[in-house]
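**Q** Provide a 3D model corresponding to the input given below.
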Amino acid sequence: MTSALRCVRCRRLRAYPGMLLEGPICNPCFDAAVRVFGTCPGCGVERLLPGLSVDRAACRDCAGIARSFTCRRCGTEARLYYRKVCVRCRLDDLAAERLDDGTGTIRPELRPLVPVLARGFKSTPEGRLDWLKRPETRALLHALATGKVGLSHTAFDDLAATALVDTTRDLLVAAGCLPPIDRPLHRFERWLTTRLTQLQDHPYERVLRQFGTWHHLAKMRAKAAKQPLTTNAQTYASMEIKRAIDFCTWLADEEILLGRVPQAALDRYYRRLTAAHRQALCGFLNWAMTTKRMPRLTFARPRYKVGEALTQDARWALLRDLLHADDKPLSDRVAGCLLLLYAQPIPRILSLEISDVIQDGDDVLLRLGEPPSPVPEPFASLLLQHVADRTAADGDQWLFTGRRPGRALNYQSMRDHLRALGIPLRLARVGAARDLVLDIPAPVMAAALGFHHTTANRQVRNVGGTWNRYVSTRI
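**A** You can find the predicted model right below:
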């Protein structure tokens with residue numbers, strides 16, 4: 001039975017796993033001690049520093065600790081787990097155990113998954129160990145190993161949509177056990193199927209099914225065939241379908257036929273919506289009128305005020321802070337500079353890959369559009385340092401990788417990181433775009449930075465620039 005003594009480090013009366021030189025130590029303090037790596041002040045050797053010497057972390061030899069922290073398998077110093085092996089070796093063992101097909105061997109199709117489970121996703125080794133120890137993780141991996149769950153995306157679609165199922169699917173894709181999929185498109189297809197199933201008794205179920213499948217799903221599949229979809233595209237398509245369902249439900253409650261909607265009824269419903277909901281409903285109204293399922297009516301298009309822009313001085317001040325903020329995460333600083341320098345939205349920043357950073361001699365280029373854009377100093381050095389760190393991590397191809405294998409960082413996390421740096425996202429993007437169109441023609445800016453030409457021309461008009469009349473003035 002574990003004894004209860006007062007810990008010599010935190011002075012609390014708690015259970016302790018062992019004794020260090022200075023006396024009994026509790027579990028939290030022990031865990032913290034065996035995670036300290038650095039140069040020992042006593043012998044000057046780079047190693048694990050679990051002990052204390054004159055209130056400074058020291059290696060076990062200098063601290064006089066008899067207990068060994070050397071892994072019996074790989075020889076590294078770390079906290080030891082089952083059979084006196086370190087966490088990384090324990091991960092290898094546990095991953096193989098979870099994928100045992102019942103015969104003492106790993107299912108051949110799942111062998112590439114073992115190194116991915118042990119090292120292939122962005123979390124601490126202890127976090128991966130805890131994930132593998134969970135009963136629900138053990139059950140799902142055992143079902144995969146024994147064939148109870150098929151090794152296909154269809155089999156995973158039949159499972160309940162949980163974080164565990166999504167993470168396991170991502171791990172299988174990263175290991176090459178499953179083919180890659182367009183995740184936003186796949187999520188939208190699953191969501192649409194579930195949503196339409198709930199509308200079986202709806203009076204306008206057929207119309208809504210046609211709008212969801214013939215219009216939105218077909219359009220998203222066409223976009224996905226050209227380039228990977230963004231999460232925002234999935235979100236907006238879902239919003240349009242939700243607003244269409246709300247509108248058709250209102251028509252059914254008011255006993256109004258879609259093919260005979262009077263102008264007064266549409267005005268009454270439309271006036272009570274917010275600007276965002278009006279924008280989302282426009283897609284269904286336009287589709288219904290174009291396909292003659294609804295009479296030609298008029299409705300006011302949502303108009304958004306031209307937003308304020310961050311001043312050039314404020315933008316350059318933020319850039320200076322990011323370039324010299326060594327206490328901030330490097331990836332956040334790089335993302336902030338991309339937004340402030342090139343007016344890039346978060347989804348496009350997250351879609352960048354390591355291969356999009358091109359080093360041509362002394363020049364650094366970034367492929368945001370065609371041709372690639374030059375990267376000025378000192379941001380070029382910062383960007384190359386970030387690329388070197390990502391390459392050394394031996395992870396996926398994303399410039400900003402997420403926690404799940406094969407995925408970029410999600411939108412909400414990047415948004416929160418940039419806001420924590422003090423960047424007003426919308427104002428900064430508008431300010432950067434307006435400064436850019438004053439320096440270069442709008443068509444050149446649109447092609448080089450990946451903007452639509454209407455977006456670039458709108459910023460020219462907002463800022464009062466003359467590049468949109470540049471050609472005509474020379475003729």
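
**Q** Please count neighbours and contacts with C-alpha atoms only from this point.
**A** Will do.

**Q** what's the longest helix in this protein?
**A** helix 231-253 (DSSP state H).

**Q** Counting neighbours, which bits of that helix end up buried?
**A** Buried residues in helix 231-253, counted by 16 or more other Cα atoms under 10 Å: 231, 233-234, 237-245, 247-249, 251.

**Q** and what of stretch 97-113?
**A** 97-101, 106-107, 110-111, 113.

**Q** how about the residue nearest to Leu258 when sequence neighbours are not counted, what does it touch?
**A** Leaving aside its chain neighbours, Leu258 sits nearest to Met294 (5.7 Å; criterion: Cα to Cα, 6 or more residues apart in numbering). Listed by Cα atoms under 8 Å, 6 or more residues apart in numbering, the contact partners of Met294 are 258-261, 285, 288.

**Q** what do you get for Leu330?
**A** Going by Cα under 8 Å, 6+ apart, Leu330 touches 382, 386.

**Q** how far away is it from Gly104?
**A** Noted for Leu330: a distance of 44 Å to Gly104, by Cα to Cα, to the nearest Å.

**Q** where's Leu52 relative to Met294, distance?
**A** 78 Å.

**Q** His142 now?
**A** His142 sits 53 Å away from Met294, going by Cα to Cα.

**Q** residue ranges of the helices in the stretch 151-300 of the chain, please?
**A** 153-157, 163-175, 183-197, 205-210, 218-226, 231-253, 263-271, 275-290 (DSSP state H, counting those that start in this stretch).

**Q** What are the boundaries of the strands in the stretch 51-200 of the chain?
**A** Secondary structure of the stretch 51-200 of the chain by DSSP state E, counting those that start in this stretch: the strands cover 51-53, 56-58.

**Q** Angles on the backbone of Phe37, please.
**A** Phi and psi for Phe37, reported as degrees, to the nearest 10, are phi -120, psi 140.

**Q** State the number of residues packed around it.
**A** The tally of other residues near Phe37 (other Cα atoms under 10 Å) stands at 17.

**Q** got it, and Thr168?
**A** Residues near Thr168, counting by other Cα under 10 Å: 19.

**Q** For it, report the pLDDT, please.
**A** pLDDT, Thr168: 88.

**Q** residue contacts, it?
**A** Contacts of Thr168 (Cα under 8 Å, 6+ apart): none.

**Q** Just the pLDDT at the nearest residue to Glu126 once chain neighbours are set aside, thanks.
**A** Once flanking residues are discounted, Glu126 sits nearest to Val87: 6.9 Å by Cα to Cα, 6+ apart. For Val87, the pLDDT comes out at 83.

**Q** Likewise for Leu352?
**A** Note on Leu352: pLDDT of 85.

**Q** Does it touch Leu409 like I think?
**A** No - contact criterion Cα atoms under 8 Å: Leu352 and Leu409 do not qualify, at 10.8 Å.

**Q** overlap in contacts of the two?
**A** Between them, Leu352 and Leu409 share these contacting residues under Cα under 8 Å, 6+ apart: Phe400.

**Q** For stretch 272-280, output the C-alpha coordinates as CSV.
**A** C-alpha atoms of stretch 272-280 as CSV (Å, rounded to 0.1, in the frame of the first residue of the first chain):
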residue,chain,number,x,y,z
ARG,A,272,-37.7,39.6,-39.7
LEU,A,273,-34.4,37.9,-40.7
THR,A,274,-31.0,39.0,-39.8
ALA,A,275,-28.6,40.2,-42.5
ALA,A,276,-26.7,36.9,-42.3
HIS,A,277,-29.8,34.8,-42.6
ARG,A,278,-31.1,36.9,-45.5
GLN,A,279,-27.8,36.3,-47.3
ALA,A,280,-28.1,32.5,-46.7
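
**Q** residues of that stretch that come out buried?
**A** For stretch 272-280, by 16+ other Cα under 10 Å, it's 277-280.

**Q** how much distance is there from that stretch to the middle of the chain?
**A** In terms of Cα atoms, centre = their mean, to the nearest Å, the centre of stretch 272-280 is set 28 Å apart from its chain centre.

**Q** For the contacts of Met294, work out which two are farthest apart.
**A** Largest separation among the contacts of Met294 by Cα to Cα: Arg260 and Leu285, giving 13.3 Å.

**Q** Of those two, give the one with the bigger neighbour count.
**A** Per other Cα under 10 Å, whichever of Arg260 and Leu285 has more neighbours is Leu285, with 20 against 11.

**Q** contact partners of stretch 119-136?
**A** So stretch 119-136 is contacted by 87-88, 91, 94-95, 98, 117-118, 137-138, 171, 395, 402-405 (Cα under 8 Å, 6+ apart).

**Q** mind redoing it with 7 Å?
**A** Stretch 119-136 is contacted by residues 87-88, 91, 137-138, 402-405 when judged by Cα atoms under 7 Å, 6 or more residues apart in numbering.

**Q** Can you pick out the most distant pair from the buried residues of helix 231-253?
**A** So, the buried residues of helix 231-253 by Cα to Cα: farthest apart are Thr231 and Leu251, at 30.6 Å.

**Q** what about the helices in the stretch 1-150 of the chain?
**A** Using DSSP H, counting those that start in this stretch, the helices of the stretch 1-150 of the chain run over residues 27-33, 60-63, 87-98, 113-119, 125-133, 135-146.

**Q** Rebuild the ones you listed as a markdown table, extending it with distance to Glu77.
**A** A markdown table is the format used below for the helices of the stretch 1-150 of the chain (distance: least, Cα to Cα, whole Å):
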| stretch | distance to Glu77 |
| --- | --- |
| helix 27-33 | 12 |
| helix 60-63 | 10 |
| helix 87-98 | 10 |
| helix 113-119 | 18 |
| helix 125-133 | 14 |
| helix 135-146 | 28 |
